[in-house]
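>>> no sequence on hand, only this structure:
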C-alpha cells in the first residue's frame, strides 16, 4: 500500500523557519521523483520544489528560490523541505507527491498534506 505522510507543519512568524518531512512506504522510493506542492485558500495547487530520483537535481518555483531547499534520503525513504525566511504568502497546505520514473508500480501518489501558517 503506497503511503506518503507529511509532517513538520505548524504556525511560524514571518522570517521564521520550518522543515517539512514526507515519509514514504509501500513502494520503491528510489524509483520516484519527489515534489512538494502547496495550496492556499482559494488558489490552485502549485509546484513548490521537485527533486530527481537520486537527488542529483532539483527545481524550485521562483517564489521560493533562495529560501526553500528540497532534499531526500533514499535510505530513510524521506523527502524534506527546509523553508527559511518564511513570508505570509507561504501560508498553505503543503503536499508531497511521488512520481514514478523507473521500474513499476503506481504512476503517482499524494500525501494528505500538512498545514503551514505564517502569521505574526
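Everything's here; your move. Everything numeric here is computed off the predicted structure, so don't read it as measured data. Numbers count the residues shown, from 1 in each chain.
>>> in the helix or strand hosting residue 5, what counts as buried?
Using DSSP states H and E, residue 5 falls within strand 3-7. For strand 3-7, burial by neighbour count (16 or more other C-beta atoms under 10 Å) applies to 4, 6. No exception for glycine: its C-beta is placed from N, CA and C like everyone else's.
>>> again, but for stretch 49-57
For stretch 49-57, the neighbour count (16+ other C-beta under 10 Å) marks 49-51, 53, 55 as buried.
>>> what's the following helix or strand after the strand holding residue 5?
Per DSSP H and E, strand 3-7 leads on to strand 10-12 as the next helix or strand towards the C-terminus.
>>> quick one on the thing from earlier: so for the strand holding residue 5, mean pLDDT?
When pLDDT is averaged over strand 3-7, the result is 97.
>>> and the contacts of that strand?
Under the criterion C-beta atoms under 8 Å, 6 or more residues apart in numbering, residues 20-26, 94-98, 109-114 lie in contact with strand 3-7.
>>> run the last query once more with 7 Å
20-26, 94-96, 98, 109-114 (C-beta atoms under 7 Å, 6 or more residues apart in numbering).
>>> Provide the strand pairings for it, with the direction of each partner.
With DSSP bridges as the test, strand 3-7 is paired with strand 18-25 (antiparallel).
>>> pull the distance from the helix or strand just after the partner strand to the chain's centre.
Next helix or strand after strand 18-25 toward the C-terminus (DSSP H and E): strand 32-39. Here strand 32-39 is found 5 Å from its chain centre; the criterion is C-alpha atoms, centre = their mean, to the nearest Å.
>>> quick one, the strand holding residue 5 and strand 32-39 angle?
50 degrees (axes from the mean of the first three to the mean of the last three C-alpha atoms, to 10 degrees).
>>> residues in contact with the residue most central in space within the chain?
The chain has residue 36 as the residue nearest its centroid, 2.8 Å off, counting by C-alpha atoms, centre = their mean. Residues near residue 36 by C-beta under 7 Å, 6+ apart: 48-49, 70, 81, 94, 96.
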